[in-house]
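K.L.:
model this:
(one chain, ligands or ions: 1)
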Amino acid sequence: MNAFLWIVAALAVFWALAYFRAATLAWIVGVGAYLGALTLWSDANSGLKVLVWTVFLVATAMLALPPLRRALISDPLLNWFRKALPQVSQTEQEALDAGTVWWDGELFSGNPDWNRLYAIAKPRLTPDEQAFLDGPVEELCRMCDDWTIAHELNDLPPEVWQFIKDKGFLGMIIPRQYGGLGFSAYAHSQVVQKLATRSSTACVSVMVPNSLGPAELLLHYGTDEQKNHYLPRLARGQEMPCFALTGPEAGSDAGSIPDFGVVCKGLHEGRETLGIRLTWEKRYITLGPVATLLGLAFKLHDPDHLLGGKEDIGITLALIPTKHPGVNIGRRHFPLNASFMNGPNSGKDVFIPLEWIIGGKEYAGQGWRMLMECLAAGRSISLPSSSAGAAKLAARTTSAYSRVRSQFKIAIGKFEGIEEALARIAANTYAVDAARTMTAGAIDLGEKPSVISAIVKYHCTERARQVINDAMDVHGGKGICLGPNNYLGRAYQQIPIGITVEGANILTRSMMIFGQGAIRCHPYVLREIDATRTDNAAEASEKFDGAFWDHVRFVMGNAARSLWLGITGAGLVSVPGARELRRYTRQLSRLGAGFALAADVAMLFLGGDLKRKEKLSGRLGDILSQLYIASTVLKRFEDDGRPQADLPIVEWVLEDCLVRIQEAFYGVFENFPSRLSGWMLRMLTFPWGRAYAPPSDWLGQKVARAILEPSQTRDRLTLNMFLQKTEDDPVGRLELAMQAAPAGEAVEAKVRGGVKAGVISGLTEEARVAAALEKGVLTAEEAAQWRRFSLLRRACIMVDDFPHDIGRNPSQAEVPATPRLGSVVSQKSAA
Ligand SMILES: Cc1cc2nc3c(=O)[nH]c(=O)nc-3n(C[C@H](O)[C@H](O)[C@H](O)COP(=O)(O)OP(=O)(O)OC[C@H]3O[C@@H](n4cnc5c(N)ncnc54)[C@H](O)[C@@H]3O)c2cc1C
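P.N.:
You can find the predicted model right below:
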C-alpha cells in the first residue's frame, strides 16, 4: 500500500473508534493493531515507525494507568476548569438545579433515540375531564362576549366571574381532597387552549390562578395548616389569588428585587408576635386589583438574628390577605386593551406574622428555589396553550375567510400570495399545538422540564405571533376594524403580552434556552462542574477524570458521527416511525449529532464568556428548540394515527425546521470567535455546504388547499376550538359561509355561462340570478342556495360601524347603526 492509503486507513481506524465511542481498551487495541500492520507491511522508514510507536506507548501508558493520567492530564485540567468556570450566583445556581431533563437530554446526546420518543404515552383526558370540557368550558365560552368584555365592561361580567368560581375553574390544579378539580396538566392545557379561542380575558383570568402562584406553591411547600385553610378556599374561588414577584426596578432580573422584609417583633391581632416588617413596590400583577390573597416575593433580612445566625436570609415568599392593614392594592393597568385584571401594588412597613411565610419559617430564604422548582409546570402550560388557542382561532377563521372573500372574481385563498400565508398559518398552528401537547404530557409523566418549558414558552408565543400577523394580513380591513364582529384584532393587539411575561422572549432565547440547556441537559458538563465543587481533592480528581474522559469520547463520537452523516446525507441511518417521515427523522439525527458537537465546541472556546455571547447562545438555542419542535411534530403525527391527509402540513413544518436549524448553524459558523474553529465545525457538520431548502411552493399550495375547504385536516388542526355554527356568531357565520361556498359558486358559474351565451342579463348579480331563475337556467333550489351564500358572504365581509364617538355618548346613539350582521342573515335567509 502506498502512503496515501496508509493515511486513509489511519483516518478510517480513528473515525471508526470515535464513531462508536470506543472504550480506552478498544482504542489501544485498534490503534495498536493498525500500527502493527503499518510496521509489518508498510515501507515507511523505520525512524517514523519508532516515532509513532513511541507516541502510541506514551499515550497508552497515560490512558491505561489512571494515576498517571490524572496526574498529568486530568488534574491540571480540573484546576484550569475551576478557574475558567464562570461565577454563578445563588439565584442562577438554583435556576440551574431546578427541574428535570427529559427529551431535551436526548437532543443533547448527539444521537436521539426516536424509539423513546414514540414510546412516550399520548396524553389523554379522563371521562371527568372530557365532561368538564364539553360542559362547563363550552358553557363559559358561550357566556363570553368578547366585545362586551373588552370594550364595554373592561372586565368579565359578574355572572361570568361567578360561573368561573362556582365551577372550579380556579382550582384545576388543586387536588380533589381540597375541593379542587385535580386535573392533569393535559386537561388544564386543554381548558386554557379552548378558552383562548373565545375570550382572552376569560382565558387569562382562569390561567393565572392555575399557574405559578399561591396554589401551586402551597401544594409543594405549604404547611398543613396553610393548605387546609387556603386550598379549599382557592378551589372554590372564595379567595382570588395573585402572585407578585417583579416590579419597576426588577423585571427580567427578578432575582434582584429591592422589596424587603425585616424580621422583628410587632403587634398582630393585639398580641406581640414574631414577624416581618415589609416594604415593597410591585407592578403588572395579574389579578392584583381583584385579589384577596397576595403572594409576595421579597428579600428577608434578620439584623437582630431573631431567626438564627444569618443576616441576609434571601428571597422569601409569603401569602398576605389583601385586606391586611397597609396593603395598597386596587388600581389597575390597561395592558394593550386587554381586560383581564392587572395592576400595581405596594406596602410600606407592613407587619405580618412569620406564619404567613409559605411553608412557615423553615422556608424563609428558600423562595427563589421554590419558584424555580415550580416554574416549569406553569410555563409549560399557560402560554403554550393560550398561544395554541389563538393560533387555532386564526387558522380556522383565516382559512374560511380566504375561501369566502373573493377579489378579482376569485376566492382570495387561491392567490399564490395568500397561499403562502395560509401555509405558514397551518404549519405554525400545527407545530404550536404539537409542542404544547407533548410538553403538557411530560408534566403528567412527572417531569419538570425547565429547559423545554423555556423552549415552548418562547417558540409557541413567537409562532402564534406569526400566525396572527399572517391572519391579519389575509383579513385586510376586516381584521383592523374593531367591533363585535372582529374576532382577530384583540389577539393581534395582545400578542406582545405573551411575548413579555414569564420571561421576556429576547432574554429567554438569548440567555436561557441554551445557557441553561448546555449545563442542565449535557450528559457530562454537570458532572464536571460537580467535580470542581468537591472539596475532597482525591474525590474531585476521580470524579473529574471519569466525567472528562467520557466527555472526550462523546465529543469525538459526535464529530465522527456528524461528519459521516453529513457526507452520506444521513441516508444510511435506520430510524423508526412513519415511512413518509423517515427522511426527515434521519436529517434530525444528523443535525442532533452536529448540535451536540457545536455545543461542546462553543463551550470549549467560550467557556464562561458564552453567557455574554448571547447571539451565539441564541442561535445554539434555536437549533435545540427546532430539534425539539420537530420531535413534537413527528410525535403528533404518530399519535394522531398517521393521517395521510395531514402529511403536507407535517412535511412543511419539518422542512421549515430543517432550514431554520441550518441557518442557525451557519450563523454560528460565520460568527464564531475563532474563524478556524467555525470553519472546522462547518466542515464536520455541513461538509457539502447547505443541505436544506425552504418548503417548496408546490408543498405550500398543498398545505393551503388542505385547509381551504372543510376537511378533516382542518378540523384536526383546530381541534378543541370553541365553535358555534350559528349565523349570529361571527366565527360560526364564517363556517356556514364556507360550507355554502361551493354550491353558491357553482350557481355563479352557471349564471356567468348564461350571460356569456346571451340568455340572461342584469346589472347586479341579484338581478342576473333572478333572470336565470326566470329563464330556467337555475332551479329554485339553486337560486336559494346562491341567496343564502351571498347573504352569508356579505355578512362575513362587513365590519362594525359606530357613532362618531364610538358610542361613548348615549345621545349620539340616535345615529342609525348598521344592523347586527347576524340578524341580517337570519331575516333575509328566512325570507
Ligand atoms: C400584562 C403583564 C402581566 C404580568 N403579570 C405578572 C404577574 O402576575 N406577576 C409578576 O410578578 N410579574 C408579572 N408581569 C411582569 C413580567 O414578568 C415582566 O414584565 C417581565 O419579567 C419583563 O420585565 P420588564 O417588563 O420590566 O422588562 P425588562 O426586564 O426591562 O426587559 C426589557 C427587554 O430587555 C430584555 N432583556 C432583559 N435582560 C436581558 C438579557 N440579559 N439579555 C437579553 N435581553 C434582555 C427583555 O427580553 C426585554 O425585551 C407581568 C407583565 C405584564 C406586561
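K.L.:
what are the phi and psi angles of the closest residue to the ligand within the chain?
P.N.:
Residue nearest to the ligand within the chain (C-beta to the nearest ligand atom): G251, separated by 2.0 Å. C-beta: built from backbone N, CA, C; applies to glycine. With angles defined as degrees, to the nearest 10, G251 sits at phi -100, psi -90.
K.L.:
in terms of contact, does it touch A504 like I think?
P.N.:
Yes - under the criterion of C-beta atoms under 8 Å, G251 makes contact with A504 at 7.4 Å.
K.L.:
residue ranges of the strands in the protein, please?
P.N.:
For the chain, the strands defined by DSSP state E cover 241-244, 260-268, 271-286, 293-301, 312-321, 328-329, 342-353, 406-407, 410-411.
K.L.:
Just want the angle from the fourth one to strand 312-321.
P.N.:
Think strand 293-301. 160 degrees (axes from the mean of the first three to the mean of the last three C-alpha atoms, to 10 degrees).
K.L.:
in its sheet, what does strand 293-301 sit against?
P.N.:
strand 241-244 (parallel), strand 260-268 (parallel), strand 312-321 (antiparallel) (DSSP bridges).
K.L.:
Distance to the ligand added to these, as JSON lines?
P.N.:
Listed next are the strands paired with strand 293-301 as JSON lines, based on distance: least, C-beta to the nearest ligand atom, whole Å:
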{"stretch": "strand 241-244", "distance to the ligand": "5"}
{"stretch": "strand 260-268", "distance to the ligand": "16"}
{"stretch": "strand 312-321", "distance to the ligand": "11"}
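K.L.:
most tightly surrounded among those?
P.N.:
Among the strands paired with strand 293-301, strand 241-244 has the highest mean neighbour count (mean count of other C-beta atoms under 10 Å), at a mean of 28.
K.L.:
pLDDT on that one, on average?
P.N.:
The pLDDT scores in strand 241-244 average 98.
K.L.:
ditto for stretch 177-193
P.N.:
On average, stretch 177-193 scores 98.
K.L.:
Pull out the buried positions in that stretch.
P.N.:
178-193 (16 or more other C-beta atoms under 10 Å).
K.L.:
again with stretch 641-654
P.N.:
So, applying 16+ other C-beta under 10 Å, buried residues of stretch 641-654: 646-654.
K.L.:
same question, stretch 488-496
P.N.:
Within stretch 488-496, the residues that count as buried by 16+ other C-beta under 10 Å are 488-495.
K.L.:
how far does it sit from the chain's center?
P.N.:
18 Å (C-alpha atoms, centre = their mean, to the nearest Å).
K.L.:
where does the stretch 601-750 of the chain dip in pLDDT?
P.N.:
Along the stretch 601-750 of the chain, the model assigns pLDDT under 70 to no residue.
K.L.:
Tell me which residues are up against stretch 595-613.
P.N.:
Here stretch 595-613 makes contact (C-beta atoms under 8 Å, 6 or more residues apart in numbering) with 84-87, 107-110, 511, 514-515, 518, 522, 525, 551, 554-555, 558-559, 562, 616-617, 620, 623-624, 627, 661, 665, 668, 672-674, 677, 681, 684-685.
K.L.:
Pull out the CA atoms of that stretch and give them to me as CSV.
P.N.:
Provided in CSV are the C-alpha atoms of stretch 595-613 (Å, rounded to 0.1, in the frame of the first residue of the first chain):
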residue,chain,number,x,y,z
PHE,A,595,-25.7,20.2,17.6
ALA,A,596,-24.0,18.2,20.3
LEU,A,597,-20.7,18.8,18.7
ALA,A,598,-21.3,22.5,18.2
ALA,A,599,-22.5,22.9,21.8
ASP,A,600,-19.2,21.4,23.1
VAL,A,601,-17.0,23.4,20.7
ALA,A,602,-18.8,26.6,21.8
MET,A,603,-18.4,25.7,25.5
LEU,A,604,-14.7,24.8,25.0
PHE,A,605,-13.9,28.0,23.2
LEU,A,606,-16.1,30.4,25.0
GLY,A,607,-16.3,28.9,28.5
GLY,A,608,-17.8,31.4,30.8
ASP,A,609,-18.0,34.0,28.1
LEU,A,610,-20.8,32.1,26.4
LYS,A,611,-23.1,33.8,28.9
ARG,A,612,-22.3,37.2,27.4
LYS,A,613,-22.2,35.9,23.8
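K.L.:
which parts of it are buried?
P.N.:
595-603, 605-606, 610, 613.
K.L.:
got those residues as JSON lines, with distance to the ligand columns?
P.N.:
As requested, those are arranged in JSON lines below (distance: C-beta to the nearest ligand atom, whole Å):
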{"residue": "F595", "distance to the ligand": "22"}
{"residue": "A596", "distance to the ligand": "25"}
{"residue": "L597", "distance to the ligand": "26"}
{"residue": "A598", "distance to the ligand": "21"}
{"residue": "A599", "distance to the ligand": "19"}
{"residue": "D600", "distance to the ligand": "23"}
{"residue": "V601", "distance to the ligand": "23"}
{"residue": "A602", "distance to the ligand": "17"}
{"residue": "M603", "distance to the ligand": "19"}
{"residue": "F605", "distance to the ligand": "21"}
{"residue": "L606", "distance to the ligand": "16"}
{"residue": "L610", "distance to the ligand": "13"}
{"residue": "K613", "distance to the ligand": "11"}
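K.L.:
Tabulate those residues (JSON lines), appending distance to L17.
P.N.:
Shown next, in JSON lines, are the buried residues of stretch 595-613 (distance: C-beta to C-beta, whole Å):
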{"residue": "F595", "distance to L17": "22"}
{"residue": "A596", "distance to L17": "18"}
{"residue": "L597", "distance to L17": "17"}
{"residue": "A598", "distance to L17": "22"}
{"residue": "A599", "distance to L17": "22"}
{"residue": "D600", "distance to L17": "18"}
{"residue": "V601", "distance to L17": "20"}
{"residue": "A602", "distance to L17": "25"}
{"residue": "M603", "distance to L17": "23"}
{"residue": "F605", "distance to L17": "25"}
{"residue": "L606", "distance to L17": "28"}
{"residue": "L610", "distance to L17": "29"}
{"residue": "K613", "distance to L17": "33"}
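K.L.:
Any stretches of the chain with poor pLDDT?
P.N.:
Using pLDDT under 70, the flagged stretches of the chain are 1, 810-831.
K.L.:
So which of the contacts of stretch 595-613 reach the ligand?
P.N.:
M511 (C-beta under 6 Å from any ligand atom).
K.L.:
what's around G689, how many residues?
P.N.:
G689 has 8 neighbours, counted by other C-beta atoms under 10 Å.
K.L.:
Could you dump the strands of the chain into CSV with distance to A426 added?
P.N.:
Compiled in CSV, these are given as follows (distance: least, C-beta to C-beta, whole Å):
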stretch, distance to A426
strand 241-244, 36
strand 260-268, 51
strand 271-286, 31
strand 293-301, 40
strand 312-321, 43
strand 328-329, 44
strand 342-353, 33
strand 406-407, 21
strand 410-411, 16
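K.L.:
G359: which of those is closest?
P.N.:
strand 312-321 (8.0 Å; C-beta to C-beta).
K.L.:
Residues contacting the closest one, please?
P.N.:
So strand 312-321 is in contact with 90-91, 214, 217-218, 226, 230, 255, 257, 261, 263, 276, 278, 292-302, 307, 327, 350, 352, 356-358, 363-368, 370-371, going by C-beta under 8 Å, 6+ apart.
K.L.:
From the residues you listed, keep the buried residues only.
P.N.:
For the contacts of strand 312-321, buried by 16+ other C-beta under 10 Å: 91, 214, 217-218, 226, 230, 255, 257, 261, 263, 276, 278, 292-302, 307, 327, 350, 352, 356-358, 363-368, 370-371.
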